[in-house]
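**Q** Build the 3D model from these lines:
(one chain, ligands or ions: 2)
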Amino acid sequence: MTTATQLLHVDPHQPDPAVIAVAAQTLAAGLLVAFPTETVYGLGANALDAAAVARIFAAKQRPTTDPLIVHLASADQLDRVAIDIPPVVHALAARFWPGPLTLVLRRGPDVPPNVSAGRDTVAVRVPAHPVAHALLTACNLPIAAPSANLFSRPSPTTAQHVLDDLAGRVDIVFDGGPTTIGLESTVIDLTQTPPVLLRPGGADVTALHALLPDLRVPAAPLITDATEVAAAPGSLLKHYAPHTPLFLLRGDDASAMRFIHAAVRALHECGQRTGILIPDEEFAAYADLHAELVGLGPAHDLATIGRYLFARLREVDSLGVDVILVRGVAEADDGGGLGPAIRDRLFRAAEGRVLDVTDPATLQTLLRLTSDA
Ligand code: TXA
Ligand code: MG
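**A** Ligands and ions are numbered 1, 2, ... in the order given. Down below sits the predicted model:
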């Protein structure tokens, strides 16, 4: 399928109502519009139109087993898409909406089953971005929107990322500049007792616990097989992945630095080029290596690391390297904020390949894995 993709520039703070109206009509006609939210760009379609929703899955090449998030202009519209809404939703909405929190509720009768991959639940969020808000208000429809990337590619945080993946597959792409949070919303399933955190994201987990004291936080990302319909459908391990094999390094700073030096030299001798994603402060330490260095941001500034993480993953992937090494972020830096979400996205980008840099055998493991590739 291919279509002429129209790129529309908008002021992210004060989008032109005439431009918004064009996109609202496009959505009402059952077509696809990619738009910025405060988390990542979304690929939107009318959530009440099963054929429009099917176009999202086709454009993204997304398995129809992975359900979509429905976006609303305000919490007042919840009744249009959900039933049996538990009272805590009102407190959560008052504290977190508009914003990066998605709630899984019982699906209402007007929402076609394909939005939710056949489940009797529906994920809902009220985004804060002025462009998303203007669009939702203008079309007066619930909009189903996954991240506007091809399935299993890093989520898009700029209009260019959207075009890189979806040009010719979507009718309108808004360019409202880079998104501010850069990581997707936090997803909580309120249809289970106790409620379960399905995906760590942009919402502060400490603040969530205050309203949901019994919230269950699964210890590690669920590792599932892509052929399986998992209990938490978004937790497919191959997700956000660059094309180049990426390895997540676990261990203390000194061991990691020794390991990176040894690994880059050994890989270079085998004719392999390495890309390294590191905190900005560590650039000088690797300046003498034959490696492509890409900065994650200031080491302890998780908001900045989160904002640019997907862009940096795409960037390092475009440098023509054979192997990517990345340092994780330390739990000591979390402070209730984005640490769990950043670790989750890096783990998935690595497709579970985590290397213990304190183990002397790890270098051989890396060389074996990269020569097999
Ligand atoms: O920040 C965000 O959430 C972005 C912006 C565009 O809003 N959207 C986004 O959508 O990240 P997507 O489709 O890439 O991720 C949606 C996640 C997936 O992990 C999906 O499995 C989960 O939400 N999800 C959606 N509906 C669900 C449901 N009914 N039950 C359980 N999980 C659901
Ligand atoms: Mg996604």
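**Q** Could you report the pLDDT at the residue of the chain positioned farthest from its centre?
**A** Ranked by distance from the centre of the chain (C-alpha atoms, centre = their mean), the top residue is residue 269, with 35.6 Å. pLDDT recorded at residue 269 is 95.
**Q** same thing with residue 230?
**A** pLDDT, read off for residue 230, is 34.
**Q** residue ranges for the strands of the stretch 51-200 of the chain, please.
**A** 69-71, 82-83, 101-107, 121-125, 143-144, 172-175, 186-189, 196-199 (DSSP state E, counting those that start in this stretch).
**Q** Is any residue of stretch 53-62 near ligand 1?
**A** No - Stretch 53-62 stays out of contact with ligand 1 when judged by C-beta under 6 Å from any ligand atom, the minimum separation being 7.7 Å. For the C-beta atoms, the positions are set from N, CA and C on the backbone; glycine is no exception.
**Q** Show me the contact partners of that stretch.
**A** For stretch 53-62, contacts defined as C-beta atoms under 8 Å, 6 or more residues apart in numbering pick out 1, 30-32, 43-47, 63-64, 68, 112, 114-115, 144-146, 148-151, 166, 169-170.
**Q** Just the buried ones from those?
**A** Among the contacts of stretch 53-62, the ones that count as buried by 16 or more other C-beta atoms under 10 Å are 30-32, 43-47, 68, 112, 114-115, 144-146, 148-151, 166, 169-170.
**Q** If we check ligand 1, which of those are in contact?
**A** Contacts with ligand 1 within those, as defined by C-beta under 6 Å from any ligand atom: 68, 145-146.
**Q** I'd like the strands of the stretch 51-200 of the chain as TSV, with mean pLDDT appended.
**A** Putting the strands of the stretch 51-200 of the chain into TSV (pLDDT from 0 to 100) gives the following:
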stretch	mean pLDDT
strand 69-71	99
strand 82-83	98
strand 101-107	98
strand 121-125	98
strand 143-144	98
strand 172-175	98
strand 186-189	98
strand 196-199	95
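**Q** how about JSON lines for the ones you listed, with distance to residue 359 added?
**A** Conversion of the strands of the stretch 51-200 of the chain to JSON lines gives the following (distance: least, C-beta to C-beta, whole Å):
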{"stretch": "strand 69-71", "distance to residue 359": "40"}
{"stretch": "strand 82-83", "distance to residue 359": "48"}
{"stretch": "strand 101-107", "distance to residue 359": "38"}
{"stretch": "strand 121-125", "distance to residue 359": "40"}
{"stretch": "strand 143-144", "distance to residue 359": "45"}
{"stretch": "strand 172-175", "distance to residue 359": "46"}
{"stretch": "strand 186-189", "distance to residue 359": "33"}
{"stretch": "strand 196-199", "distance to residue 359": "30"}
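**Q** Out of these, the one nearest residue 274 is which?
**A** Comparison of these against residue 274 by C-beta to C-beta identifies strand 196-199 as nearest, at 30.1 Å.
**Q** which bits of the protein sit near ligand 1?
**A** Residues of the chain lying near ligand 1 by C-beta under 6 Å from any ligand atom: 37, 39-40, 42, 66-69, 100, 102, 104, 116, 119, 121-123, 125, 127, 145-147, 184-185, 187, 189, 198-199, 233-234.
**Q** Just the buried ones from those?
**A** Among the residues of the chain next to ligand 1, the ones that count as buried by 16+ other C-beta under 10 Å are 37, 39-40, 42, 66-69, 100, 102, 104, 116, 119, 121-123, 125, 127, 145-147, 184-185, 187, 189, 198-199, 233-234.
**Q** what's the burial count for residue 62?
**A** Neighbourhood size, residue 62 [other C-beta atoms under 10 Å]: 20.
**Q** I'd say residue 49 and residue 30 touch.
**A** Yes - the criterion here is C-beta atoms under 8 Å, and residue 49 meets it with residue 30 at 5.3 Å.
**Q** I figured residue 154 hits residue 312, correct?
**A** No - using C-beta under 8 Å, residue 154 is not in contact with residue 312, being 9.1 Å away.
**Q** So for these two, which sits in the more crowded spot?
**A** Counted by other C-beta under 10 Å, residue 154 and residue 312 do not tie: residue 154 has more neighbours, with 25 against 21.
**Q** How much space separates that one from residue 164?
**A** 10 Å (C-beta to C-beta, to the nearest Å).
**Q** if I look at the two, which residues touch both of them?
**A** Taking C-beta under 8 Å, 6+ apart as the criterion, residue 154 and residue 164 both touch residue 314.
**Q** residues near residue 90, how many?
**A** Neighbours around residue 90, by other C-beta under 10 Å: 12.
**Q** In contact with it, which residues are there?
**A** Counting by C-beta under 8 Å, 6+ apart, residue 90 makes contact with residue 75.
**Q** What distance do you get for it to residue 75?
**A** Residue 90 sits 8 Å away from residue 75, going by C-beta to C-beta.
**Q** and what of residue 13?
**A** Here the criterion is C-beta to C-beta. By it, residue 13 lies 23 Å from residue 75.
**Q** Give me the more crowded residue out of those two.
**A** For residue 13 versus residue 75, neighbours defined as other C-beta under 10 Å are more numerous around residue 75 (19 against 10).
**Q** I figured that one hits residue 126, correct?
**A** Yes - with contacts counted by C-beta under 8 Å, residue 75 reaches residue 126, the gap being 5.9 Å.
**Q** Just the helices from this protein, written as ranges.
**A** 17-28, 50-60, 88-96, 130-139, 159-166, 205-211, 253-269, 302-317, 339-349, 362-372 (DSSP state H).
**Q** Kindly tell me how buried residue 72 is, as a neighbour count.
**A** Counted by other C-beta under 10 Å, the residues lying close to residue 72 total 22.
**Q** Let's see the pLDDT reported for residue 222.
**A** pLDDT, read off for residue 222, is 43.
**Q** low-scoring stretches of the stretch 201-350 of the chain, by residue?
**A** 220-240, 332-336 (pLDDT under 70).
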